[in-house]
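A.B. asks: Got a predicted structure plus its sequence, pasted below:
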Amino acid sequence: MKYPEVAGFDALLPRLGEFDAIIDVRSEAEFALDHIPGAINCPVLNNDERILVGTLYKQTSAFDAKKVGAPIIARNIAHHIDTLFHDKPRDWRPLVYCWRGGNRSGAMALIMARIGWPVAQLEGGYKNYRAWVSAALAEPPAVDFRVVCGPTGSGKSRLLETLDGIGAQVLDLEQLAAHRGSVLGHLPNEPQPSQKMFETLVLARLRSFDLARPVFVEAESKKVGNLRVPDAVMTRMRAAPCIDLQLARPARVRLLMEDYRHFCADPSVLADQLVHLTLVHGRAKIADWQAMAQGGALPALVDELLVQHYDPAYLRSIDRNFAQYPQAQVVELADIGAEDFLAAARRLHATPA
């Protein structure tokens, strides 16, 4: 019984909705690094088993590796069918893929086809998909960006969240990157995704937008934490119309105290992070700021950081990097309450594209 192969991700893309499940049979570590959106992970070789079989393949022979790997793969496929797929009807249609569309996905597809399910295998596997992502991000969808600018603490992320909540189209790069963007922007207990996974998430969001409507995005640097914004996306952002979000500095301090509660709960973590600013401000200044953090003078420290570090850095970069900033639409926030952001979001959402 022969099961069909889908030749190339470009050919598959219009047909993804035809499948009832997308099954990634690679190991847990490979899946965590990146995968096709919506895929479920059903490893036919788990992390340790893949290392075992791969080592045999390299150090002994392909025959010995297959002899050891085959029963492991068979047991794992049987487990997945017993626990996940035993109740699926005859017309249930899965798509299966592995790294290159070879032995691992072939084994799963063969058994599913023997059972009688109309299974398909992605030719070229994840490698095929990854090449498609890279090519698609080199020429991303021509979305109509509206870039939300403003100094640190002005509420850009909250405004994007509010815009999303009222039905506007939003590309929240910091949310996708699990990072707030600055040197102090690491989110506790939330690791950043891999670069490849970040690119998968960005492309999925871009492809979901209605090109006839604007897309709101925050003015970012080229990197969000450890992750790089795709070059072509950044180029389009920097050429787009801008929104200048303005908020009084005392309110910005209060907003940052709310958003960075983890530093308030454990000032020693903030003191450690401030070391990253040593090259810019020198050891004496960093020692002063660390003492303020440890001494509980957090509002005063945040105000100093805004005046001496973040605001000058913002002013140096914004005109240089965002061509339309001098003509930006000004949006003033009276305060940092939910109603303030809702009023601003409604005004922006109602503005004709």
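C.D. replies: Looks like it arrived, so ask away. This is a predicted model, so every value here is computed, not measured. Numbers count the residues shown, from 1 in each chain.
A.B. asks: where's Leu206 relative to Gln169, distance?
C.D. replies: In this view, Leu206 and Gln169 are 10 Å apart by Cβ to Cβ, to the nearest Å. To be clear about C-beta, it is placed using only N, CA and C from the backbone, and glycine gets the same treatment.
A.B. asks: what residues are up against Leu206?
C.D. replies: For Leu206, the contact set (Cβ atoms under 8 Å, 6 or more residues apart in numbering) comprises 140-141, 143, 171, 233.
A.B. asks: Looking at the residues you listed, which is nearest Val215?
C.D. replies: Val143 (4.5 Å; Cβ to Cβ).
A.B. asks: Report pLDDT for that closest one.
C.D. replies: pLDDT, Val143: 96.
A.B. asks: of all the contacts of Leu206, which comes closest to Ala240?
C.D. replies: Distances from Ala240 to those, taken by Cβ to Cβ, are shortest for Val143, at 9.0 Å.
A.B. asks: Ignoring the adjacent residues along the chain, who's closest to Ser268?
C.D. replies: Gln294 (6.8 Å; Cβ to Cβ, 6 or more residues apart in numbering).
A.B. asks: Tell me how many other residues surround the one you found.
C.D. replies: Residues lying near Gln294 (other Cβ atoms under 10 Å) number 12.
A.B. asks: picking up where we left off before, hey, what's in contact with both of Leu206 and Gln169?
C.D. replies: What both Leu206 and Gln169 touch, as defined by Cβ under 8 Å, 6+ apart, is the set Val143.
A.B. asks: part of a helix, is Arg15?
C.D. replies: Yes - counting by DSSP: H, G, I helix; E, B strand; the rest coil, Arg15 is part of a helix.
A.B. asks: what's the spacing between it and Ser105?
C.D. replies: For Arg15 relative to Ser105 (Cβ to Cβ), the value is 17 Å.
A.B. asks: So which of these two has more stuff around it?
C.D. replies: Between Arg15 and Ser105, Ser105 has the larger neighbour count (other Cβ under 10 Å), namely 27 against 11.
A.B. asks: wait, isn't Lys88 in contact with Pro118?
C.D. replies: No - when contacts are counted by Cβ atoms under 8 Å, Lys88 is not listed as touching Pro118 (11.1 Å).
A.B. asks: for Asp64, what are its contacts?
C.D. replies: 56-57.
A.B. asks: Am I right that it sits in a strand?
C.D. replies: No - counting by three-state DSSP, Asp64 is not part of a strand but helix.
A.B. asks: pLDDT score for it?
C.D. replies: Note for Asp64: predicted pLDDT of 94.
A.B. asks: So for Phe341, what's the nearest residue that isn't a sequence neighbour?
C.D. replies: Of all residues not flanking Phe341 in the chain, Thr162 sits nearest, at 4.4 Å (Cβ to Cβ, 6+ apart).
A.B. asks: what's the distance between that neighbour and Val202?
C.D. replies: As defined by Cβ to Cβ, Thr162 lies at a distance of 21 Å from Val202.
A.B. asks: Check Tyr260 too.
C.D. replies: 25 Å.
A.B. asks: Equivalent analysis for Gln169, please.
C.D. replies: Separation of Gln169 from Val202 (Cβ to Cβ): 14 Å.
A.B. asks: And for the residue lying closest to Gly124 once chain neighbours are set aside, the neighbour number?
C.D. replies: Counting by Cβ to Cβ, 6+ apart, Gly124 lies nearest to Gly101, which is 4.9 Å off, once chain neighbours are set aside. Using other Cβ under 10 Å, Gly101 has 22 other residues around it.
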